[in-house]
Every structure is written in C-alpha cells, then in structure tokens.
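Undergrad: structural data only, the sequence is not supplied:
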C-alpha cells in the first residue's frame, strides 16, 4: 500500500480530503440556505475522502476493506450526484464536489475511485499471496 502508486494515490486522496473539506466548510458556513442538498453532499464527499485517506495511510487488513467500501461509496456518489445534478438542476443551484460527475475538479472524482479500487485489488492479492507463503 505504501509504495509508488500507493503513495501517489494517498497523496491525491489527501489533497481531495483537504480541498473538499475546505470547500464544504465554506459552503455550509457562508451560504448553506442557497443549496442545502448540494452542500450536504459536499460534506459527505469530504468525509468519504478523509476516510479513504486515513485508510490508505494506515494500510492494515481492516482499513484495506474500509478503503474498498469508501471507494465504492465514492464512485456510487459521483454517479448518482452526477445524474441528479443534470436531471434535477434546481436541487443543485450551486455545485457540489461530485456535481456533473466532478467537472469542477477535472472529472478526477469520477476516475479516482476506479483507480483506488484497482490499486486496492492489486494490493489485496499481494497481501493474500504473502499470507499464503507465511502460512
């Protein structure tokens, strides 16, 4: 988990955790009444990014499983919010992190969980192989 791409992935998740948290905090404090659904979803996205970042950093067997769940929730969130932001735009008067599939972040929110899941699957196979050799 803590080599090459794993470190880069952890760094990107950390950056998204910080930026999504800052954005959500600003939105909630300054103008929550303008778009409460979108801003609540931004808070949720920030929490998912924080959770994933912590799990990538710790890198234990338990946090590996939690990171998989976080990436799945993140991907589902990006898809659902992306669709809703296009089909029910009145609920998204202001964009959230995942609006329009993460267009405000260069679609990275759409791709990041897929890369995370791929990495977690790769690392998971290596962990299982190492455990089999040790047993």
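TA: Okay, I see it. The structure displayed is predicted, hence computed values, not measured ones.

Undergrad: what mean pLDDT does whatever helix or strand residue 125 lives in get?
TA: Residue 125 is part of helix 108-134, with elements assigned from DSSP states H and E. Throughout helix 108-134, pLDDT has a mean value of 82.

Undergrad: check stretch 58-67 too.
TA: Here the average pLDDT along stretch 58-67 is 93.

Undergrad: skipping adjacent residues, who's closest to residue 73 in space?
TA: Excluding the flanking residues, the one nearest residue 73 by CB to CB, 6 or more residues apart in numbering is residue 48, at 5.8 Å. In this view, the C-beta of every residue, glycine as well, is placed from N, C-alpha and C.

Undergrad: compute the number of surrounding residues for residue 82.
TA: As a burial measure, residue 82 scores 19 neighbours (other CB atoms under 10 Å).

Undergrad: give the contact list for residue 92.
TA: Neighbour list for residue 92: 35, 37, 38, 84, 85, 99 [criterion: CB atoms under 8 Å, 6 or more residues apart in numbering].

Undergrad: how does it look with 10 Å?
TA: 35, 37, 38, 39, 41, 81, 84, 85, 86, 98, 99, 100 (CB atoms under 10 Å, 6 or more residues apart in numbering).
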